[in-house]
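Student: I'll drop the sequence and a predicted model, then ask my questions.
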Protein chains: 2
Amino acid sequence: MYLPEHFVETDPAEVASLITAFPLAAIVAQTEQGLVANHIPVMAQGETALIGHIALNNDMHRLLEDGAPVLVIFRGQDAYVSPNLYPTKPENHRHVPTWNYQVVHVAGRISFQHDEKSKRAIVGRLTRDHEARMNGDAAWRMADAPRDYMDAMLAAIVAFRIEITGIAAKAKLSQNRAAVDHAGVVDSVAARGLDNMAARMRRDSAD
Amino acid sequence: MYLPEHFVETDPAEVASLITAFPLAAIVAQTEQGLVANHIPVMAQGETALIGHIALNNDMHRLLEDGAPVLVIFRGQDAYVSPNLYPTKPENHRHVPTWNYQVVHVAGRISFQHDEKSKRAIVGRLTRDHEARMNGDAAWRMADAPRDYMDAMLAAIVAFRIEITGIAAKAKLSQNRAAVDHAGVVDSVAARGLDNMAARMRRDSAD
């Protein structure tokens, strides 16, 4: 992607945090059918891999050989930025509209696992993680479902693992603006309820 | 993408509305450098094309020949769906977690325009559209900026046009659930502030 130096997200903790906060990734690949993309909840396994699962009915695991290159796009919040948000606007009017956003592009090589152990492991990790976040002590557990039902569900999916070959993260967050204009944008995105973006921009201000 | 029949978004008005409401698209292409993606604000031109502009410094216009295939991914809101959201859960426990989301995948062929008329036209359309939405009568206008500044800005961009060759839209919105469980999910996404998704799901309920 086009990634000017001042928009590079260089903080590994912020990259990891975006993957955790916005787990529904677009997994993109070039196939014999052309470009194919699927939106799939993905999670990191350490710093070297991403894991998840897809439906057995999803052709992705038939179109891609083990080791095929994929691009995994995680996307944070985004916001239109009007020149009206810059307090310096009346001084010189040398502003144009733009768009702020945060994205993480992970390049990697995908492989698929059809064995029940791998599938049960990834389903278990995803479930524990997302249930803990949403429901805390009231988390739904796989053990709540009847065994025959869970077995049928597991038979209908394929696990995957993506070995990471590269990460490019972009935080286009008005870093190239005067402090007062940056603050004007922070106020606006906060007012729009874009809390994640506002928090990241506030950390920039504090640096 | 994997697109079961019950999740196909068949309403052209809803597809158009998603493109308008979530204009920051991921434009993906296979290049000699591998898979490349850029997030760019895009708008529809009628029903047959998408238009926008990128930075002259963005290699995309050098990596892709006119007519190269691209995949343009528009993405609406998304929500983790816990089995706890289904009122029927205690009856049989035959539920697993899932994820709801809306996406529009537009396949097309891209071409780039370097002439000032094309660039001024797309910048003008994008500006009028987004300023009207955000600022109404207080809209910022290109004419507010000094002419030499706007000329320099226009010299630093490249316009593009994508002729649409195919559209696949997916609305994964609990349509395959019992009415009472569907309603439970609507309540939850509304409570999370996902107004766009809640509104679409309520229209499904009314059908």
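Tutor: Right, received. Where do you want to start?
Student: Quickly list what A:Ala169 is bridged to.
Tutor: A:Val104 (DSSP bridges).
Student: Can you tell me what sits against the longest helix belonging to chain A?
Tutor: Ranked by residue count and defined by DSSP state H, the top helix of chain A is helix A:116-135. The list of residues contacting helix A:116-135 from outside it, by CB atoms under 8 Å, 6 or more residues apart in numbering or on different chains, reads A:23, A:41, A:43, A:51-53, A:113, A:139-142, A:153-154, A:157-159, B:80, B:82, B:84, B:96-97. C-betas here are computed from N, CA, C, even on glycine.
Student: With stretch A:172-186 instead?
Tutor: With contact meaning CB under 8 Å, 6+ apart, stretch A:172-186 is reached by A:6-7, A:79, A:81, A:85-88, A:95, A:98-102, A:197-198, A:200-202, A:204-205.
Student: Would you check that my belief about A:Asp144 contacting B:Pro83 is correct?
Tutor: Yes: contact between A:Asp144 and B:Pro83 holds when scored by CB atoms under 8 Å: they sit 7.4 Å apart.
Student: Which neighbours do the two have in common?
Tutor: Common contacts of A:Asp144 and B:Pro83, defined by CB under 8 Å, 6+ apart, comprise B:His93.
Student: Neighbour count: those two, which is higher?
Tutor: In terms of neighbours (other CB atoms under 10 Å in any protein chain shown), B:Pro83 is the more surrounded of A:Asp144 and B:Pro83; the figures are 22 against 15.
Student: looking at chain A, which helix or strand is least sure?
Tutor: Ranked by mean pLDDT, DSSP states H and E, the weakest helix or strand in chain A is helix A:89-92, scoring a mean of 85.
Student: That one: which residues count as buried?
Tutor: Residues of helix A:89-92 classed as buried: A:Lys89 (neighbour count, 16 or more other CB atoms under 10 Å in any protein chain shown).
Student: now swap in stretch A:13-33 and tell me
Tutor: Result for stretch A:13-33 [16+ other CB under 10 Å]: buried residues A:14-15, A:17-19, A:22-30.
Student: Any idea how far apart the tips of it sit?
Tutor: The first residue of stretch A:13-33 is 37 Å away from its last residue (CA to CA, to the nearest Å).
Student: Just give me how far it sits from the chain centre.
Tutor: In terms of CA atoms, centre = their mean, to the nearest Å, the centre of stretch A:13-33 is set 4 Å apart from its chain centre.
Student: just to revisit the earlier point, among the contacts of helix A:116-135, which lie within strands?
Tutor: A:41, A:43, A:51-53, A:113, A:157-159, B:80 (DSSP state E).
Student: so A:Val158 touches A:Ile110, yeah?
Tutor: No: with contact defined as CB under 8 Å, A:Val158 and A:Ile110 do not form a contacting pair (10.9 Å).
Student: more crowded one of those two?
Tutor: Remark: of A:Val158 and A:Ile110, A:Ile110 carries more neighbours, 22 against 19, as counted by other CB under 10 Å.
Student: so the more buried one touches A:Arg161, yeah?
Tutor: Yes: counting by CB under 8 Å, a contact exists between A:Ile110 and A:Arg161, whose distance comes to 7.3 Å.
Student: Overlap of the contact sets of these two?
Tutor: None of the residues lies in contact with both A:Ile110 and A:Arg161 under the rule CB under 8 Å, 6+ apart.
Student: In contact with the residue nearest the centre of chain A, which residues are there?
Tutor: For chain A, the residue nearest the mean C-alpha position is A:Phe74 (2.4 Å; CA atoms, centre = their mean). Contacts of A:Phe74 were listed using CB under 8 Å, 6+ apart, and they are A:18-19, A:22-23, A:25, A:42, A:103-106.
Student: so what pLDDT did it get?
Tutor: With respect to pLDDT, A:Phe74 has a value of 98.
Student: The closest residue to it other than its chain neighbours: what's it in contact with?
Tutor: What sits nearest to A:Phe74 in space, not counting adjacent residues and going by CB to CB, 6 or more residues apart in numbering or on different chains, is A:Val104, at 4.3 Å. A:Val104 sits next to A:9, A:15, A:18-19, A:73-75, A:167-170 when contact means CB under 8 Å, 6+ apart.
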